[in-house]
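K.L.:
Coordinates for the following, if possible.
(chains A and B)
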Amino acid sequence: MFELLGIPPQALFGQLLLGLINGSFYAILSLGLAVIFGLLNIINFTHGAQYMMGAFVAWMLLNYIGIGYWWALILAPVAVAITGIVIERTLLQRLYHLDHLYGLLLTFGLALIIQGLFRNYYGSSGLPYTIPPVLAGGFNLGFMFLPTYRGWVVVASILVCFATWFVIEKTRLGAYLRAATENPEMVNAFGINVPRLVTLTYGFGVGLAAFAGVLAAPIYSVNPNMGADIIIVVFAVVVIGGMGSILGAIVTGFGLGLVEGLTKVFYPEASATVIFIIMAIVLLIKPAGLFGRTA
Amino acid sequence: MRFKHTLVAAVAIMAVAGQAYGQEISIKIGVMNDRSGLYADLTGEGSAVAARMAMEDFDTAGKGWNVEIVSADHQNKPDVASTIARQWYDEENVDVIVDVPTSSAALAVNQITREKDKVFLVSGAASSDLTGAQCSPNTVHWTYDTWALANGTGTAMVASGGKTWFFLTADYAFGHALERDTSAAVTAAGGEVLGAVRTPFPGQDFSSFLLQAQASGANVIGLANAGGDTINSIKQASEFGITQAGQKLGGLLVFITDVHALGLETAQGLVLTESFYWDRNDESRAWSKRFAENHNGNMPTMIQAGVYSSLLHYFKAIEAIGNTDAQAVVAKMKELPTSDELFGEGEIRADGRKLHDMYLFEVKKPDESKGPWDYYKLVNEIPAAQAFRPLADGGCELVK
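P.N.:
As a prediction, this is how the structure comes out:
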């Protein structure tokens, strides 16, 4: 059998597929961040905590009131989005006219508080959440065993990413949103309630994070630190893709998942750093990011 | 303002008076561990709870001792651990640091403790280097170490047919030490090591590394990691059908809190080595019940039990010599035989290694368990004399 860079091709395909699965999480999370930054100009550091809350709400629904995975996939994002809307109405709204740093500090502080509260009540080891029976088991693809659930994660995230891109770039609602970021006074004058639009957008971005959290619950242990670990990588993804670029967030999310997957084969020790090396290079060559517009 | 001055003067006089008696024993204990990350449940606040229980059970207050406990979060980072240790020793007059999981952090604290001539009672960290190449007259390594884990789980798995091994190794001092000691144990028992992959610490997704381990065709995938890393590796190995396809997982360091987090459905059948299990005898059950009442109903890990037991012995040594001089106390600790309700009878060797029996457990099947925390069945007792690395093999300079 021929080998590619010293690795049998089957193993390579397997690793690429795994990279795509991790990339799915990066894509949904960075998409939410990009939507929030693009329309609110807020660097939402609470995003990781909101992803974690999504997983926890799914766990609570199952263990406290017996509501299973499929309903959780809808209910958890809605519930977390509502907490996001409360945060936007009471706190974030006061910061829009200030420097980015204020929003960053506020959301970072909130993330620490939320993670601390969950750690206090549920400990740090995590809680078990089993894969729904329909998605249990897997397929033998010849070159690897693909768990059905991981396949579902890729499909679900591609659908959600595409739908979000479509709404923002191709529909009338999306046009309002984009217009509201360019010139809020003008859009307001046309009779559109811009503050409400902004609030709902934040809620939607937060809901995306929670959706990723529910998807992650059966794979990773549901633990208070799950968001803190992933959010730094996701921020790197957003920077590489270009702050606020919807398409950039999606494409780089999947792309970097693949790069990370390959690094895990060729030089595993560097797999936690490779994304940051790429970020440094991109910032040197194209400071606005791969898909970003230079202001 | 005047009142404040009076108060300061009064305190100063009392302090001088206390010194004049010269007999009063004053100890400040620093519990340093992970209070927020992947090791927080197996060390964390639980270790501070155990330290307070040791204080109460020894009745330090009744003996007229002035004992104070402080705690800090080292975030599993050696640099943070060093900063806290220096601050505690230099500015806050801490006499003894206990626990300290994460071997890289513990090795740093080990150095500083020796330099400042204080006492270090290790319970959380695993690297056998703490009583080997890096042993110190100021350090006692209490609960377990990588050699004991390798010797327990590694040897048992080779004996039950796991001849070839592939390691998933957490990429820092602990993982490296555990891989090294387990490789030695596997080879000595007639097995063979096929390879290893070093995984970034801490990690979330281990599927890629697990597939590499699967491709190696080894009988056993040795997990040289701990806490959240182990939980995720085990969960994902089951998800990717690796365990179902016949390869076995060697969880080299698995704590009861990890099993609790995994659930028995996923964890069943794992073989693991521990020095303490709450449900082993009447004494351990009674103590653990008291612990759980103070710690949100959670049962103690062996690390938390070790913090309690090591402090009790530390107090006994101080009582015997009548002062807190660091090297004298450690020397006395080594001289006195150890004995308590949790670890039974034992001793501390010249290199600082505490000796006691170790136990090989198997995780119960869901239908064998009577409820939460009823997780282990005893497979084998490893007597103290065989459980730890022979004194001569460690390369410790204190051993002549």
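
K.L.:
Only C-alpha atoms from now on, for both contacts and neighbour counts.
P.N.:
Fine.

K.L.:
got the contact list for B:Q75?
P.N.:
Counting by C-alpha atoms under 8 Å, 6 or more residues apart in numbering or on different chains, B:Q75 makes contact with B:33-37, B:81.

K.L.:
of those residues, list those near chain A.
P.N.:
B:36-37 (C-alpha under 8 Å from any C-alpha of the partner chain).

K.L.:
For A:V214, which non-adjacent residue is closest in space?
P.N.:
A:A55 (4.5 Å; C-alpha to C-alpha, 6 or more residues apart in numbering or on different chains).

K.L.:
I misspoke; the intended subject was B:V259.
P.N.:
Closest to B:V259 by C-alpha to C-alpha, 6+ apart is B:A267, at 6.2 Å.

K.L.:
For A:T252, see how far away A:L290 is.
P.N.:
8 Å (C-alpha to C-alpha, to the nearest Å).

K.L.:
Give me the common contacts of the two.
P.N.:
Counting by C-alpha under 8 Å, 6+ apart, the residues touching both A:L290 and A:T252 are A:240-241.

K.L.:
more crowded one of the two?
P.N.:
A:T252 (25 against 21; other C-alpha atoms under 10 Å in any protein chain shown).

K.L.:
who does the closest residue to chain B within the stretch 101-250 of chain A bridge with?
P.N.:
Residue of the stretch 101-250 of chain A nearest chain B, by C-alpha to the nearest C-alpha: A:L127 (5.1 Å). Beta-bridge partners of A:L127, counted by DSSP bridges, are A:V222.

K.L.:
That one reaches A:Y220, doesn't it?
P.N.:
No - using C-alpha atoms under 8 Å as the test, A:L127 is too far from A:Y220 to be in contact (9.4 Å).

K.L.:
So what's the residue count around the residue of the stretch 101-250 of chain A closest to chain B?
P.N.:
23.

K.L.:
swap in B:N93?
P.N.:
Counted with other C-alpha under 10 Å, B:N93 comes out at 14.

K.L.:
quick one: what helix or strand has A:M243 in it?
P.N.:
Under DSSP states H and E, no helix or strand contains A:M243.

K.L.:
Sketch out the low-pLDDT regions of chain B for me.
P.N.:
B:1-23 (pLDDT under 70).

K.L.:
which residues are there in it that come within reach of chain A?
P.N.:
Residues of chain B lying near chain A (C-alpha under 8 Å from any C-alpha): B:36-41, B:171, B:197-200, B:204-205, B:207-209, B:212, B:215, B:227-228, B:231-232, B:235-236, B:239-241, B:257-258, B:261-263.

K.L.:
Not counting its neighbours along the chain, what's nearest B:I29?
P.N.:
Using C-alpha to C-alpha, 6+ apart, the closest residue to B:I29 is B:I69 (4.7 Å).

K.L.:
what's the single longest helix in chain A?
P.N.:
Ordering each helix of chain A by length in residues (DSSP state H) puts helix A:9-40 first.

K.L.:
Show residues contacting the helix or strand following that helix.
P.N.:
Downstream of helix A:9-40, the next assigned helix or strand under DSSP H and E is helix A:47-65. Defining contact as C-alpha under 8 Å, 6+ apart, one finds that helix A:47-65 is touched by A:29, A:33, A:67-69, A:72-73, A:76-77, A:79-80, A:111, A:114-115, A:127, A:129, A:206, A:209-217, A:222-228, A:230-231.

K.L.:
do the same with stretch A:97-112
P.N.:
For stretch A:97-112, contacts defined as C-alpha under 8 Å, 6+ apart pick out A:41-49, A:92, A:95-96.

K.L.:
and the closest residue to chain A within the stretch 151-300 of chain B, what does it touch?
P.N.:
Using C-alpha to the nearest C-alpha, the closest approach of the stretch 151-300 of chain B to chain A is made by B:A261 at 5.1 Å. By C-alpha under 8 Å, 6+ apart, the contact list for B:A261 reads A:125-128, A:221, B:231.

K.L.:
What does the pLDDT read for the nearest residue to A:V167 once chain neighbours are set aside?
P.N.:
Distance criterion C-alpha to C-alpha, 6+ apart; nearest residue to A:V167, sequence neighbours excluded, is A:G174 at 5.5 Å. For A:G174, the pLDDT comes out at 90.

K.L.:
Check what contacts the helix or strand where A:G174 lies and list those residues.
P.N.:
Applying DSSP H and E as the criterion places A:G174 in helix A:172-182. With contacts defined as C-alpha under 8 Å, 6+ apart, helix A:172-182 is touched by A:38-40, A:167-169, A:186-188, A:194, A:197.

K.L.:
Buried residues, it. List them.
P.N.:
Burial within helix A:172-182, assessed by neighbour count using 16 or more other C-alpha atoms under 10 Å in any protein chain shown, is assigned to A:174, A:176-178, A:180-181.

K.L.:
ok, now stretch B:360-367?
P.N.:
Quick answer for stretch B:360-367 (16+ other C-alpha under 10 Å): B:360-366.

K.L.:
gap between A:I114 and A:Q50?
P.N.:
From A:I114 over to A:Q50 (counting by C-alpha to C-alpha), the distance is 9 Å.

K.L.:
higher neighbour count, the two?
P.N.:
A:Q50 (29 against 18).

K.L.:
about what we covered before: moving C-terminal from the helix holding A:G174, which element do we reach first?
P.N.:
Following helix A:172-182 in sequence, per DSSP H and E, is helix A:184-189.

K.L.:
residues in contact with that following helix?
P.N.:
A:176, A:179-180, A:194.

K.L.:
what is the rounded mean pLDDT of that helix?
P.N.:
Here the average pLDDT along helix A:184-189 is 87.

K.L.:
If you count neighbours, what's buried in the next helix or strand after that helix?
P.N.:
Tracing the chain C-terminally past helix A:184-189 and defining elements by DSSP H and E, one meets helix A:194-216 next. For helix A:194-216, the neighbour count (16+ other C-alpha under 10 Å) marks A:194, A:197-216 as buried.
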